[in-house]
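Enquirer: fold the following for me, if possible:
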Amino acid sequence: MVVLPLAFNLTGKRVLVLGAGRVAGSKIGLLVAAGADITVITTEVLEPVPDSVTLLLRPYQPGDLEGFQLVISATGVGSVNDQVVEEAKARGIWLNVVDDPSRCDFYFTAVHRDGPVIVSVSTEGSAPALAQYVRDLVRSALPKNLAAVARRLRSERDTMHDEGISTESISWRARIDELVAEETTTD
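Expert: Sure, this is the predicted structure:
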């Protein structure tokens, strides 16, 4: 399998999470932070569910996936996952089956965020702990205040665009080095 890392805007997108254990809880936290419209269907709540999430205390039923753009199945029950996979495929809904990468249409990554700067590491679901390890190594190597650098670059690019100047042929590396040095010394 070959994957393409993408960043999705999930604001307001309907996402269904089946299960509410530890792993589901971590996915729910990421989805809440991304602004998704989340519904959780579970027979028991093992992790706190934020108030912004719609919680349905019942088992999965065929037809539950209707109207959702993404589904995360974290039930830990093989027969339920089988039904969810079948329904998701029939409806063309992207699915993540926790701990079963071969049945996933997408994977969650280990993420470091500094404002608009996002570093995302994936092992295609094969070793999440390794992805977290690599993310932490990268995080420790990054300069501080990259969010401020990104905001300044955005402003400079916007000004150029407003003046009718194309930014595509500009070599940004030297400017980035300058801004990183400035932000590091003002820290």
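Enquirer: next structured bit after the lengthiest helix in the chain?
Expert: As assigned by DSSP state H, the longest helix anywhere in the chain is helix 146-162. Remark: after helix 146-162, the chain's next helix or strand is helix 173-185, criterion DSSP states H and E.
Enquirer: just the C-alphas of that next one, formatted as CSV.
Expert: Listed next in CSV are the C-alpha coordinates belonging to helix 173-185 (Å, rounded to 0.1, in the frame of the first residue of the first chain):
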residue,chain,number,x,y,z
ARG,A,173,15.3,29.9,2.5
ALA,A,174,17.4,32.9,3.3
ARG,A,175,14.4,34.8,4.6
ILE,A,176,13.3,31.9,6.7
ASP,A,177,16.8,31.7,8.2
GLU,A,178,16.7,35.4,9.0
LEU,A,179,13.3,35.1,10.7
VAL,A,180,14.2,32.0,12.7
ALA,A,181,17.4,33.8,13.9
GLU,A,182,15.3,36.9,14.9
GLU,A,183,12.7,34.8,16.7
THR,A,184,15.4,32.8,18.5
THR,A,185,17.2,35.9,19.8
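Enquirer: which parts of that helix are buried?
Expert: 176, 179-180, 183 (16 or more other Cβ atoms under 10 Å). For glycine as for every other residue, the C-beta is placed from the backbone atoms N, C-alpha and C.
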